[in-house]
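K.L.:
with the sequence up front, the predicted model follows.
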Protein chains: 2
Amino acid sequence: MAKPPAHPGRPVTINDIAALTGVAASTVSRALANPGRGGPATRARIRAVARELNYVPNTQARALTSGRTGTIAVCVSDITNPFYFDILRGTQQQLKAAGYAQLLIDTEDSGDHEIEMLHRMRRSLDGAILAASRLPDRTLTQLAGEVPLVTINRNIPAVPSVVIDTPAGIRQVAEHLVSLGHRDVVYACGPTTSWSNAARWQAMRTAAARHGLKWRRVGPFPPGQRSGTAAADSVVNTGATACVVFNDLLAIGMLTRLRERGVRVPGDISIVGCDDIFGAEFCNPPLTTITAPIERTGRVAVSMLLAVLNERSSPAVRRAVLLPTHLTVRESTGPVTAV
Amino acid sequence: MAKPPAHPGRPVTINDIAALTGVAASTVSRALANPGRGGPATRARIRAVARELNYVPNTQARALTSGRTGTIAVCVSDITNPFYFDILRGTQQQLKAAGYAQLLIDTEDSGDHEIEMLHRMRRSLDGAILAASRLPDRTLTQLAGEVPLVTINRNIPAVPSVVIDTPAGIRQVAEHLVSLGHRDVVYACGPTTSWSNAARWQAMRTAAARHGLKWRRVGPFPPGQRSGTAAADSVVNTGATACVVFNDLLAIGMLTRLRERGVRVPGDISIVGCDDIFGAEFCNPPLTTITAPIERTGRVAVSMLLAVLNERSSPAVRRAVLLPTHLTVRESTGPVTAV
DNA sequence: CAGCAGCTGGCAACCGTTTGCCATCGTTTG
DNA sequence: CAAACGATGGCAAACGGTTGCCAGCTGCTG
């Protein structure tokens, strides 16, 4: 029944539909996109034809006038870090459900990259989710003026954010370690530019103080598995009986190095990671860590961003969401052994 | 010196530059994009102003006429599979270098999802890279007519592809196992729809035959860590002394289960994975596996796609690239022990 | 010196969709 | 019954570039 468009190869446009139904292109546009406008009968007819022709709106053309591109960027600092896999999985799900496309940006741990990419793309984006941004507060605030933003694990006043409550987990860790008899703990730092690192170290310090633990820190270390070597060596040097590590990736790297050096975990030293990424469960020994709802974090971030986009006019409902964590005890922590 | 555009907030357009330099918009367009056209002096002037105004071309508008969107989609079947992390890392690098944006599509192991997403987005894409497509050959060939395509680990005549030579690795594995005294091996299958799975099983069969090994297979299993339980149980049931597994994810899952059941690896059974993903190195025991140049695979795929795009007119230089692998022996394989 | 080629830059149409504004029509209200 | 009104659908102007075509100029050649 449906006639194909004039040139068979040419994609179907709104005009083809208009011609076929005998209405104006504007009517078609409204029938397909604008819920309030237009008569039900016309709309039904148009929709039927559109479906039959397998019409797919041209995103570019739409974006040109409406400004909405249907694309959200997700920036991660290092795509090979499993932490982001689950973030991406979460954002992906939620974005797909809402009909958005997900643009992946790997900033390679460089703030310059991050700002430059976002600036270049801001016209093609409806918004962006910044996971573990390395940008300073001021830049971020300014950027939020150009593109609707939601940050993950980064809390600054002007920008809605979802942060994982790892500090709460660290308090649990402190209790866990104390109950095992540890009195001397060390924190292995992540990158100085990392907001989470600061938050975690801070939590560590206060928790240690409350329990009367001796505490100190080593680092900073790049948050990768390979830095585990240096981190492990530093930690061993301190003589502490337990170590809380900035993230699981680093912790897993440390485990490897400790094994190499013949340092027993948890016999000689207990290790606690953060995040509970892929791998934490099956490394050797399985890692005691602070389990974060990573995938959910991604989903929530998207929801918040979409809320911001939809309520562009109304008094911005910018919030900061805090997601709970819990301690998962595996085999990398144990009672302190008498020397 | 440079005057900001009329409305301070409004982004800089080609017209602003035209007005400021006193030329027509078309001249600006050519000066910025078209290398052959225009006078050197004018061009220099225009470029200077453009840079000064921090001009960023509007991708949407450009795409509308030129058809080029500057976006490449990368489809993966399951974003939480670490195999794809490295693929993405590779594509990301190469795409960024070439000035393309990377759209991430997770098809969730469903061919329907895959075809539907690609079809809907084909207008907004310059091309797509399909990693481990679940689509049948015919659909794929047809899709290649709509969007320039490069496949990864999937070789069909009409579509350029880069495939990882895991079969060669499997031949090495066979020799490795034979040298350790194994005579009875089993292959744990991945999804039936997976092209690589078929290739691997085929290689396994011929290699086993050549060495006079007894071989069989179990499965199929979904290629996830959690399927490891079922896979491990099946494998143990066969009584084989060695098992080659479709991929590392599944193999790692099996390792966990075997440990649970008290089956010693490699004492009771040797396990070999495929791909050498994140985690293979530090699982317990570290996994003997066929190391694939995963990141490079992503880079090569992008290069091929870009080549196709640039030589759209010339006789299509469609090729199939085969990337070498090698066996990495760790601790999950060992000599067969007398019962 | 006329004619012509080659280069430069301007004009304007176009890509496909959205949207402000207006004409029309049927219905309700004063 | 006239006026006012709300709903409906059409017209046309954007949106920001790209590109085919043409005019004007320069510098050759015949």
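P.N.:
Looks like it arrived, so ask away.

K.L.:
please name the nearest non-neighbouring residue to the residue in chain A positioned nearest to chain B.
P.N.:
Closest contact between chain A and chain B, by C-beta to the nearest C-beta, is at A:Asn284 (3.7 Å). C-beta coordinates here come from the backbone N, C-alpha and C atoms, glycine included. Sequence neighbours aside, B:Asn284 is the residue nearest to A:Asn284 in space, at 3.7 Å (criterion: C-beta to C-beta, 6 or more residues apart in numbering or on different chains).

K.L.:
counting neighbours, what do you get for the one you found?
P.N.:
B:Asn284 sits with 17 neighbouring residues when counted by other C-beta atoms under 10 Å in any protein chain shown.

K.L.:
my read: it touches B:Leu258, true?
P.N.:
No - with contact defined as C-beta atoms under 8 Å, B:Asn284 does not reach B:Leu258; the gap is 10.4 Å.

K.L.:
now for these two: what residues contact both?
P.N.:
Shared contacts of B:Asn284 and B:Leu258, defined by C-beta atoms under 8 Å, 6 or more residues apart in numbering or on different chains, are absent.

K.L.:
is A:Val186 in a helix, a strand, or coil?
P.N.:
A:Val186 falls in the strand class when you classify it by DSSP: H, G, I helix; E, B strand; the rest coil.

K.L.:
ugh, wrong one, A:Val321
P.N.:
Secondary structure, three-state DSSP: A:Val321 is strand.

K.L.:
now do the contacts for it.
P.N.:
By C-beta under 8 Å, 6+ apart, the contact list for A:Val321 reads A:161-163, A:300, A:304.

K.L.:
hey, what's it bridged with?
P.N.:
A:Val162 (DSSP bridges).

K.L.:
helices of the stretch 1-150 of chain A, residue ranges please.
P.N.:
Applying DSSP state H, counting those that start in this stretch to the stretch 1-150 of chain A gives helices spanning A:14-21, A:25-33, A:40-53, A:59-66, A:82-97, A:111-121, A:137-146.

K.L.:
count of neighbours near the nearest residue to A:Leu32 once chain neighbours are set aside?
P.N.:
Distance criterion C-beta to C-beta, 6+ apart; nearest residue to A:Leu32, sequence neighbours excluded, is A:Ala50 at 6.3 Å. Neighbours of A:Ala50 under the rule other C-beta under 10 Å: 22.

K.L.:
go on, A:Arg122?
P.N.:
By other C-beta under 10 Å, neighbour count at A:Arg122 equals 17.

K.L.:
same thing with A:Leu305?
P.N.:
By the criterion of other C-beta under 10 Å, A:Leu305 has 26 neighbours.

K.L.:
who touches A:Val173 in this structure?
P.N.:
By C-beta under 8 Å, 6+ apart, the neighbours of A:Val173 are A:207, A:244, A:272, A:290, A:327.

K.L.:
what angle separates the strand or helix carrying it from strand A:184-188?
P.N.:
In the assignment (DSSP states H and E), A:Val173 maps to helix A:166-179. Using axes from the mean of the first three to the mean of the last three C-alpha atoms, to 10 degrees, the inter-axis angle of helix A:166-179 relative to strand A:184-188 is 150 degrees.

K.L.:
CA-only coordinates of helix A:166-179 in PDB, if you can.
P.N.:
Extracted C-alpha coordinates of helix A:166-179, given in PDB (Å, rounded to 0.1, in the frame of the first residue of the first chain):
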ATOM      1  CA  THR A 166      32.500   5.500  50.700                       C
ATOM      2  CA  PRO A 167      33.400   7.500  53.900                       C
ATOM      3  CA  ALA A 168      30.600   5.700  55.700                       C
ATOM      4  CA  GLY A 169      32.100   2.500  54.500                       C
ATOM      5  CA  ILE A 170      35.500   3.600  55.800                       C
ATOM      6  CA  ARG A 171      34.000   4.000  59.200                       C
ATOM      7  CA  GLN A 172      32.800   0.500  59.000                       C
ATOM      8  CA  VAL A 173      36.300  -0.600  57.900                       C
ATOM      9  CA  ALA A 174      37.800   1.100  61.000                       C
ATOM     10  CA  GLU A 175      35.500  -0.900  63.300                       C
ATOM     11  CA  HIS A 176      36.200  -4.000  61.400                       C
ATOM     12  CA  LEU A 177      40.000  -3.500  61.700                       C
ATOM     13  CA  VAL A 178      39.800  -2.600  65.400                       C
ATOM     14  CA  SER A 179      37.800  -5.700  66.100                       C
END
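
K.L.:
next one: it to chain centre, how far?
P.N.:
24 Å (C-alpha atoms, centre = their mean, to the nearest Å).

K.L.:
give me the buried positions along it.
P.N.:
The neighbour-count check on helix A:166-179 (16 or more other C-beta atoms under 10 Å in any protein chain shown) flags A:166-174, A:176-178 as buried.

K.L.:
same question, stretch A:59-78
P.N.:
By 16+ other C-beta under 10 Å, the buried positions in stretch A:59-78 come out as A:59-63, A:69-78.

K.L.:
near DNA strand C, from those?
P.N.:
A:61-62 (C-beta under 7 Å from any atom of the strand).

K.L.:
tell me which of the contacts of A:Val173 is nearest to B:Thr337?
P.N.:
Of all the contacts of A:Val173, A:Val272 has the smallest distance to B:Thr337: 37.1 Å, by C-beta to C-beta.

K.L.:
give the next helix or strand downstream of the helix or strand hosting the closest one.
P.N.:
Using DSSP H and E, A:Val272 falls within strand A:270-275. For strand A:270-275, the following helix or strand on the C-terminal side (DSSP H and E) is strand A:288-291.

K.L.:
these two touch, right, the residue of chain A closest to chain B and A:Arg259?
P.N.:
Yes - at 7.2 Å, A:Asn284 counts as touching A:Arg259 under the criterion of C-beta under 8 Å.
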